[in-house]
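Asks: Here's my sequence, what's the structure:
(2 chains)
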Amino acid sequence: DAGVTQSPTHLIKTRGQQVTLRCSPKSGHDTVSWYQQALGQGPQFIFQYYEEEERQRGNFPDRFSGHQFPNYSSELNVNALLLGDSALYLCASSLQGFPYEQYFGPGTRLTVT
Amino acid sequence: GQQLNQSPQSMFIQEGEDVSMNCTSSSIFNTWLWYKQDPGEGPVLLIALYKAGELTSNGRLTAQFGITRKDSFLNISASIPSDVGIYFCAGFIANAGGTSYGKLTFGQGTILTVHP
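Replies: You can find the predicted model right below:
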């Protein structure tokens, strides 16, 4: 049973650039959520996708956008990168009927220089 | 916004000792969850709690959903070296309209170190 997978594992970008992170949910799951985890902090909710639509969003600017594909996989895009965007980006998947039981991937470590 | 306060922030214990940590909030949650995160990995779901007063075990781990719905507790019995890691509590609130979307609110974590 494949768990949540994310790519790439690590990424280094320059301030002002754009980045795309990818996530494949756990087999059988249809809902994907994205979180940002700064060093020494708990994960912070960015947004959640279900049926290819964003249905809930946390306190993140419009520079953060996403997409969900028909196969339930998802992308997180961040434009105009800032130094403060450096963090571990976590993808979590769940079933629509059980949105609170979220299973996390290993994350993508983004460093902005 | 909602905030979860975890305590203690860190713990240093001897192998074989029991561990207790807790999480408190100013808001009521419908579901409490406990996760463990190892370095360089994503959080792993340990226990989910769904009703006030509920007590649930998973091996040596026991968690409780506080009666007020504003707190939760995690206990680890007879700790072993592989218990080392960061433990996070997370809360979930069903939306006012009765729909259940997916935002989890996390605490800041408790760092557990176990000395052999």
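Asks: avg pLDDT for stretch B:106-116?
Replies: The average pLDDT within stretch B:106-116 is 95.
Asks: which other residues reach that stretch?
Replies: A:40-44, B:4-15, B:19, B:21, B:23, B:35, B:37, B:76, B:79-81, B:83-90 (C-beta atoms under 8 Å, 6 or more residues apart in numbering or on different chains). In short, each C-beta sits where N, CA and C put it, glycine included.
Asks: which parts of stretch A:72-84 are buried?
Replies: A:72-76, A:78, A:81 (16 or more other C-beta atoms under 10 Å in any protein chain shown).
Asks: what does stretch B:4-23 give?
Replies: Neighbour-count burial for stretch B:4-23 [16+ other C-beta under 10 Å]: B:4, B:6, B:11, B:19, B:21-23.
Asks: Reformat those as a markdown table; add distance to B:Leu45.
Replies: Below are those laid out as a markdown table (distance: C-beta to C-beta, whole Å):
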| residue | distance to B:Leu45 |
| --- | --- |
| B:Leu4 | 16 |
| B:Gln6 | 17 |
| B:Met11 | 21 |
| B:Val19 | 18 |
| B:Met21 | 16 |
| B:Asn22 | 18 |
| B:Cys23 | 15 |
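Asks: Those residues in strands, which ones?
Replies: Secondary structure assignment by DSSP state E places B:4, B:6, B:11, B:19, B:21-23 of the buried residues of stretch B:4-23 in strands.
Asks: Next step: the contacts of stretch B:106-116 restricted to strands.
Replies: Going by DSSP E, the strands hold A:44, B:4-7, B:10-14, B:19, B:21, B:23, B:35, B:37, B:76, B:85-90 from the contacts of stretch B:106-116.
Asks: tell me the phi and psi of residue 63?
Replies: No chain in the question, so chain A it is. Per-residue torsions, A:Arg63: phi -60, psi -20 (degrees, to the nearest 10).
Asks: nope, chain B please
Replies: Main-chain dihedrals, B:Ala63, degrees, to the nearest 10: phi -130, psi 150.
Asks: mind listing what it touches?
Replies: B:32, B:34, B:46-47, B:49, B:55-57, B:72-75.
Asks: Tell me the bridge partners for it.
Replies: Beta-bridge pairing for B:Ala63 (DSSP bridges): B:Thr56, B:Leu74.
Asks: Can you tell me which residues in chain A are near chain B?
Replies: Contacts of chain A with chain B, taken as C-beta under 8 Å from any C-beta of the partner chain, map to A:4, A:31, A:33, A:35, A:40-45, A:48, A:55-56, A:58-59, A:90, A:92, A:94, A:99-107.
Asks: Can I get the buried part of those as one ChimeraX selection?
Replies: A single ChimeraX command selects the buried members of the residues of chain A next to chain B (16+ other C-beta under 10 Å):
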select /A:4,31,33,35,42,43,44,45,48,55,56,58,90,92,94,99,100,101,102,103,104,105,106,107
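Asks: which residues does the closest residue to B:Ser10 other than its chain neighbours bridge with?
Replies: Nearest residue to B:Ser10 in three dimensions, chain neighbours excluded: B:Ile111, at 4.2 Å (C-beta to C-beta, 6 or more residues apart in numbering or on different chains). On the basis of DSSP bridges, B:Ile111 takes part in beta bridges with B:Ser10, B:Ile86.
Asks: so how many other residues sit close to B:Ile111?
Replies: 16 (other C-beta atoms under 10 Å in any protein chain shown).
Asks: Show me which residues of chain B are close to chain A?
Replies: B:1, B:4, B:30-31, B:33, B:35, B:40-45, B:48, B:88, B:90, B:92, B:100-109.
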